[in-house]
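Q: predicted coordinates and the sequence they were generated for:
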Amino acid sequence: MGIATPPRLQVASWNVNSLRVRLPQVLTWLSQNTVDVLGLQETKVTDELFPIAELRDAGYEALYSGQAGYNGVALLVRESLGTDDIVKAIPEFDHGQRRVLLATVGDLRIANLYVPNGEAVGTDKYRYKLDWLDALHGFLRAELQRYPRLLVMGDFNVAPADPDVYAPDLWRDRVLFSAPERQALNALFDLGLADAFRLFDQSPASYSWWDYRAGAFRRNLGLRIDLMLASPRLARECLECRIDRIPRGWERPSDHAPVMATFERDEL
DNA sequence: ATGGTGGTAGGACCA
């Protein structure tokens, strides 16, 4: 018995770099963290092979949009919550790459994204990334009109600012941190979306992705490219946002760490 | 050091 705590919704985003390889880690992490919604990126699994049974046994309903070999996104939602109004592509920018999954969970609108990597500045893939982000901007502007409580999360493959990069001067003209990419991200901020991580005090050199090579994680040579963007209404209800570095240190890890956020809810 | 590692493939790709 005690004073009832306000209801809270805990949300996380994690690029797992193959759900089939990382499923045991996802299940372990879910058992250790009270998360209501988990967005996954780079699932690299077709819908036919998506591990719905294992996730259902863990208490989660799965929404997924996958393809063979590359890309793939999913939303794991605690079964009691339910989902509605599912969208699997940016309208008028659907090229078959499975990078987008939106759903309404309670009164929260959640967009889970795997933004194109862009390969290198000046390449066709880089151009595609910028076009993709431009289309995303128009789409999210419309979503914000419809849904006051909008959370946009995922692997953005762009670091917002100098403190999000271990060597900003080295990265300033490279993919993941080039000025046009940051400008595209700033355009999303200009819609009123807030970088939830920066609503709170954080440790210096907080990153979400570390290259597999050259001992980058051990040396903390990382970038913060996994983000949670909150609409104005939702930003006011955000109680916490942090990165859980622990799974990046596990054996055979994803190269990304989960980003977590907690929101106070009026009711669910 | 144009390297380094990892996933999906069962070749070169993608990151």
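A: Received the coordinates, thanks.

Q: which helix is the longest one in chain A?
A: If you go by DSSP state H, chain A has its longest helix at helix A:124-146.

Q: can I get that helix as PDB, trimmed to CA atoms?
A: Extracted as PDB, the C-alpha positions of helix A:124-146 are listed here (Å, rounded to 0.1, in the frame of the first residue of the first chain):
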ATOM      1  CA  ASP A 124      24.200   8.400 -54.800                       C
ATOM      2  CA  LYS A 125      23.300   6.900 -51.500                       C
ATOM      3  CA  TYR A 126      24.200  10.200 -49.800                       C
ATOM      4  CA  ARG A 127      21.900  12.000 -52.100                       C
ATOM      5  CA  TYR A 128      19.200   9.500 -51.400                       C
ATOM      6  CA  LYS A 129      19.600  10.000 -47.700                       C
ATOM      7  CA  LEU A 130      19.100  13.700 -48.100                       C
ATOM      8  CA  ASP A 131      16.000  13.200 -50.300                       C
ATOM      9  CA  TRP A 132      14.700  10.700 -47.800                       C
ATOM     10  CA  LEU A 133      15.100  13.200 -44.900                       C
ATOM     11  CA  ASP A 134      13.400  15.900 -46.900                       C
ATOM     12  CA  ALA A 135      10.400  13.600 -47.500                       C
ATOM     13  CA  LEU A 136      10.400  12.700 -43.800                       C
ATOM     14  CA  HIS A 137      10.200  16.400 -43.000                       C
ATOM     15  CA  GLY A 138       7.000  16.800 -44.900                       C
ATOM     16  CA  PHE A 139       5.600  13.600 -43.500                       C
ATOM     17  CA  LEU A 140       6.300  14.500 -39.900                       C
ATOM     18  CA  ARG A 141       4.900  18.000 -40.300                       C
ATOM     19  CA  ALA A 142       1.600  16.300 -41.300                       C
ATOM     20  CA  GLU A 143       1.900  13.800 -38.400                       C
ATOM     21  CA  LEU A 144       2.400  16.600 -35.900                       C
ATOM     22  CA  GLN A 145      -0.800  18.200 -37.100                       C
ATOM     23  CA  ARG A 146      -2.700  15.000 -36.400                       C
END
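
Q: I'd like the next helix or strand past that helix.
A: Heading C-terminal from helix A:124-146, the first helix or strand you meet, by DSSP states H and E, is strand A:150-155.

Q: so which elements touch that following strand?
A: strand A:8-15, strand A:37-41, strand A:108-114, helix A:124-146, strand A:226-230, strand A:259-264 (3 or more CB pairs under 8 Å, 6 or more residues apart in numbering; DSSP states H and E). From N, CA and C alone the C-beta is placed, and that goes for glycine too.
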